[in-house]
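Undergrad: Here you go, sequence then predicted model.
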Amino acid sequence: MPRERSQNQTKNELSSQLHLLQEAAMGRLDNLECPNCRRAAVSVWFSHPVADAYRTWFICADCDFHTRAQNTERPQFFSDDRVSAELEEHDLSIVRRTIFKKPPQGLI
Ligand SMILES: [Zn+2]
């Protein structure tokens with residue numbers, strides 16, 4: 001059934017993301033195994049688009065796999081060397097879009 005399959009897929013994606021997050025939490029930021037192509041080609045990047053938001057990104061150099069996790073606190077291995085300006089710019093546009101999506105108050 002398509003519904004079951006998509007649920008399993010989501011579960012698999014979540015568990016592979018969890019695995020990557022655990023690796024990152026242990027300070028392994030390079031050559032992580034890609035859940036998609038299975039090569040040790042995933043690197044961890046961070047972005048910090050606004051004061052109270054951090055993101056951890058996992059990006060594969062060998063395929064188009066990428067995923068990101070939202071952090072409520074500064075990640076333990078966060079460093080400016082690992083901040084991607086490109087990702088930050090991307091994040092900022094998401095944050096901006098979210099702000100614009102909020103309905104204006106007091107107009108109804
Ligand atoms: Zn890959």
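TA: Done, it's in. Numbers count the residues shown, from 1 in each chain.
Undergrad: Quick check: chain neighbours aside, which residue is closest to the residue most central in space within the chain?
TA: In the chain, the centroid-proximal residue (C-alpha atoms, centre = their mean) is residue 68; its distance is 0.8 Å. In space, residue 68 comes closest to residue 57 once its chain neighbours are excluded; the distance is 4.6 Å by C-beta to C-beta, 6 or more residues apart in numbering. Heads up, the C-betas are built off the backbone N, CA and C, glycines and all.
Undergrad: how about the helix or strand where that neighbour lies against the ion, any contact?
TA: Counting by DSSP states H and E, the element that carries residue 57 is strand 54-60. Yes - applying C-beta under 5 Å from the ion, one finds that strand 54-60 is in contact with the ion at residue 60.
Undergrad: Output stretch 12-21 in PDB with nothing but the alpha carbons.
TA: Output of stretch 12-21 as PDB, limited to C-alpha atoms (Å, rounded to 0.1, in the frame of the first residue of the first chain):
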ATOM      1  CA  ASN A  12      13.800   5.500   7.600                       C
ATOM      2  CA  GLU A  13      14.600   9.100   6.900                       C
ATOM      3  CA  LEU A  14      14.100  10.000  10.500                       C
ATOM      4  CA  SER A  15      16.300   7.200  11.800                       C
ATOM      5  CA  SER A  16      19.100   8.000   9.300                       C
ATOM      6  CA  GLN A  17      18.900  11.600  10.300                       C
ATOM      7  CA  LEU A  18      19.000  10.600  14.000                       C
ATOM      8  CA  HIS A  19      22.100   8.500  13.300                       C
ATOM      9  CA  LEU A  20      23.800  11.500  11.600                       C
ATOM     10  CA  LEU A  21      22.900  13.700  14.500                       C
END
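Undergrad: Around the nearest residue to residue 55 once chain neighbours are set aside, how many other residues sit close by?
TA: Setting aside the residues directly before and after it, residue 55 is nearest to residue 47 in space (C-beta to C-beta, 6+ apart), at 4.6 Å. By other C-beta atoms under 10 Å, the residues close to residue 47 number 23.
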